[in-house]
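S.K.: Any chance you could fold what I've pasted below:
(one chain, ligands or ions: 2)
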Amino acid sequence: MTKKAFITGVTGQDGAYLSQLLLEKGYEVYGLARRSSTPNYWRLEELGILDQVHIMEGDMNDAHSLGALIKSVKPLEVYNLAAQSFVGASWQQPMLTTEVNTLGTLHLLNAVKLYCPETRFYQASTSEMYGNSHFDSPQDELTPLHPKSPYAISKLAAHWFTVNYRESFGLFACSGILFNHESPLRGIEFVTRKITDGVARIKFGLNDHIALGNLDAKRDWGFAGDYVKAMWLMLQQDNADDYVISTGVNHSVRDFLDTAFAAVGISNWEPYVRQDSKFMRPSELNELFGKSSKAQEKLGWKPKVSFEELVKMMVEADLKRIEKLKPIPAISRT
Ligand code: NAP
Ligand code: G4F
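M.R.: Ligands and ions are numbered 1, 2, ... in the order given. Below is the predicted model of the structure:
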């Protein structure tokens, strides 16, 4: 019998890579996509899998549509990846962030409990939940949580609802506490992709600078393609549990700039970067890095792509995209 997986957030970065992984494993993939005036399937198209994913229209804010979809698909596995996932926007839109990230998760947990309680459930939790745990670095499953943004608070509540539905109703519900993971399919507003897109534009003479906020923040950046494997592994275990997924190494935004500009042969990026207070946050997480030894021991999971490989992969992908926009690149004229 075909295994069915239901992915919310299928049009996002992780949704695209997870769809690809599950299709390779022989799953039938059903993906929740919200209605918009312009369809947003570019990631599934870039991976060449759009025609293999069953797109189901619905919204995390609409319990009725979620319930109806879960009832009709009755998936073996549900991956709840949908979110207002941009931390910066969560101060401007705290209610929407909470509705999608917390109440949306609750609608989905209830639908699973009601219509297919045997279904295995994955919740996309986040290292943002730790806040500034400087004295508890690296962070693992036992590190105290102290969220510092509306996004982190919304995710913390969803995390505890997931744990609670496991403990109260016996759902096979797992929470993956994932540290930052990036890829050529990352949204353009996140700092990594903003930098690699900016570097490519500068290289081809389309822009002369990148405007950024705090350059000293440090993150534990891994490759999204590695991280979706951990999501799947969590749902293949005998028991539901929560796991930290990280590389264990962190770098500053400055380090990211060094590596990204070096990939196009620019050793001094300072003339190309401007700091703009618009991109500073009301409350910043200075440093995050995780300890994923539980996942390594119990799931046999390990990150494969290094920081340097990740940055290079992202810069190369953006150079290709920008090259298509500008057939006569500036570099060929210098
Ligand atoms: P992403 O690229 O921003 O994707 C988010 C997805 O959620 C998109 O498909 C988006 O649809 C969908 N969505 C937003 N609001 C919705 C709504 N009301 N109804 C239905 N769908 C909605 O995020 P990602 O990087 O793939 O991350 C996946 C998940 O992991 C998120 O929950 C995120 O918070 C969490 N997470 C991410 C990281 C990371 O570093 N990437 C780390 C830890 C946790 P549209 O395409 O229509 O916008
Ligand atoms: O790329 P970011 O926006 O990612 P952030 O805030 O760490 O959140 C991402 O990772 C979380 C996991 O830890 C996820 F839960 C979340 O959904 C998302 O995927 O910012 C990274 C750092 C921050 O310290 C930010 O202040 O980069 C700093 N930064 C500096 N200049 C900037 C900028 N961030 C953005 N987005 N844009 C800037 O211009």
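S.K.: Any residues of the stretch 51-200 of the chain in contact with ligand 2? List them.
M.R.: 85, 87-88, 126-128, 179-180, 189-192, 194 (CB under 6 Å from any ligand atom). Just so you know, the C-beta spots here come from the backbone N, C-alpha and C atoms, and that holds for glycine as well.
S.K.: Go through the residues you listed and say which is closest to Q139.
M.R.: Taking CB to CB as the measure, Q139 lies nearest S127 of those, at 6.5 Å.
S.K.: give me the number of residues near the residue lying closest to the closest one once chain neighbours are set aside?
M.R.: Leaving aside its sequence neighbours, S127 sits nearest to F179 (CB to CB, 6 or more residues apart in numbering; 4.3 Å). Using other CB atoms under 10 Å, F179 has 26 other residues around it.
S.K.: N286 now?
M.R.: The number of residues near N286, taken as other CB under 10 Å, comes to 11.
S.K.: Does it touch A217 like I think?
M.R.: Yes - between N286 and A217 a contact is recorded at 6.1 Å, counting by CB atoms under 8 Å.
S.K.: For the residue nearest to S127, give me the pLDDT.
M.R.: The per-residue pLDDT reported for F179 equals 98.
S.K.: now do the one 10 residues further on
M.R.: Confidence at E189, expressed as pLDDT, is 98.
S.K.: Identify the residues contacting it.
M.R.: Listed by CB atoms under 8 Å, 6 or more residues apart in numbering, the contact partners of E189 are F86, G88.
S.K.: run the last query once more with 7 Å
M.R.: F86 (CB atoms under 7 Å, 6 or more residues apart in numbering).
S.K.: Quickly note the distance from it to Y115.
M.R.: 35 Å (CB to CB, to the nearest Å).
S.K.: Could you pull out the buried residues of stretch 70-84?
M.R.: I70, V73, P75, L76, E77, V78, Y79, N80, L81, A82, A83, Q84 (16 or more other CB atoms under 10 Å).
S.K.: What of stretch 117-127?
M.R.: In terms of neighbour count (16+ other CB under 10 Å), stretch 117-127 has its buried residues at T119, R120, F121, Y122, Q123, A124, S125, T126, S127.
S.K.: between the residues of the stretch 51-200 of the chain next to ligand 2, which is closest to T247?
M.R.: Of all these, F179 has the smallest distance to T247: 7.3 Å, by CB to CB.
S.K.: Ligand 1 contacts on this protein?
M.R.: Proximity of the chain to ligand 1 (CB under 6 Å from any ligand atom) is limited to residues 8-9, 11-15, 32, 34, 36, 40, 59-61, 81-85, 100, 124, 126, 178, 180-181, 187.
S.K.: Narrow those to those that are buried.
M.R.: Going by neighbour count (16+ other CB under 10 Å), these have 8-9, 11-15, 32, 34, 59-60, 81-85, 100, 124, 126, 178, 180-181 buried.
S.K.: Now, those that are in helices?
M.R.: In this view, those that belong to helices under DSSP state H are Q13, D14, G15.
S.K.: Throw these into CSV and include pLDDT and distance to K155, thanks.
M.R.: CSV is the format used below for these (pLDDT from 0 to 100; distance: CB to CB, whole Å):
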residue, pLDDT, distance to K155
Q13, 98, 16
D14, 99, 14
G15, 99, 17
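S.K.: quick revisit: how about the buried residues of stretch 117-127 in JSON lines, adding pLDDT?
M.R.: JSON lines is the format used below for those (pLDDT from 0 to 100):
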{"residue": "T119", "pLDDT": "98"}
{"residue": "R120", "pLDDT": "98"}
{"residue": "F121", "pLDDT": "99"}
{"residue": "Y122", "pLDDT": "99"}
{"residue": "Q123", "pLDDT": "99"}
{"residue": "A124", "pLDDT": "99"}
{"residue": "S125", "pLDDT": "98"}
{"residue": "T126", "pLDDT": "98"}
{"residue": "S127", "pLDDT": "98"}
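S.K.: from those residues, which is closest to Y243?
M.R.: S125 (9.6 Å).
S.K.: Who are the contact partners of the closest one?
M.R.: Neighbour list for S125: K155, H159, S175, G176, I177 [criterion: CB under 7 Å, 6+ apart].
S.K.: The fourth one belongs to a strand?
M.R.: This means G176. Yes - the assignment for G176, made by DSSP: H, G, I helix; E, B strand; the rest coil, places it in a strand.
S.K.: any idea how far it lies from Q123?
M.R.: Distance of G176 to Q123, computed by CB to CB: 7 Å.
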